[in-house]
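1. quick one, fold the following:
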Amino acid sequence: MKKSKKLDKKDTKYKQLKIYHSNPIKMDINKYSDFYRADIEFHGIGHATESYTGHVFLNNPKADFNTSKTLENNYVGSYHVFGHGGCFGDVGHCDIIKKDGKYDFRADHPLTRGFKRLIITEQFKVLGKQNNEFTVTIVPVIKLDKNTMDIKEIVEVEKISIVTYE
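-> Below you'll find the predicted structure:
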């Protein structure tokens, strides 16, 4: 794994935001030792505000803006969210309307929450040897420009799961 550049807290091009910590996920991978792939799945990702990169760490609740993205720090990868930069328009413009049923072929509302999958196979096999409970820490990073919204918390995830494939 290549060495990654550390982001400096004093770097004015980036903004530090609230770090997301999941509830513990219990999973004894020794029972499923024959899996060939493991993923973290992020369900219900909100993307109504700014675009950001989420650096993902397993079992490292102290991970922050300056934590190196290495296996030693339990870094498992990153995901990217293309944000909509806030909601502008008339009243109700950003209300997400549910479809009427399986025969409703209208396109989803642009703010419908998203789904991401991150492959973590090798890192999960290493971490799972000594753990059967996992927490996910997401360190969000956004690049600042003159149009960046004044926000403190950006990560919105309804559910996180770890999935293995045999």
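
2. so which residue is smack in the middle of this structure?
-> Gly54 (4.9 Å; C-alpha atoms, centre = their mean).

3. now Lys116, what's its secondary structure?
-> At Lys116, secondary structure determined by DSSP: H, G, I helix; E, B strand; the rest coil is strand.

4. still on that earlier bit, which pLDDT value goes with the residue nearest to the centre of the chain?
-> Note for Gly54: predicted pLDDT of 94.

5. thought it was touching Gly77?
-> No: checked against C-beta atoms under 8 Å, the pair Gly54 and Gly77 is beyond contact range at 9.4 Å. Using the backbone N, CA and C atoms, a C-beta is placed for each residue, glycine as well.

6. for the residue in the chain sticking out farthest from the centre, phi and psi?
-> Residue farthest from the centre of the chain, counting by C-alpha atoms, centre = their mean, is Tyr103 at 31.9 Å. The phi and psi torsions at Tyr103 (degrees, to the nearest 10) take the values phi -100, psi 10.

7. please shift the residue numbers so they start at 147 in all later answers.
-> Let's use 147 as the start, then, which means that last one is Tyr249.
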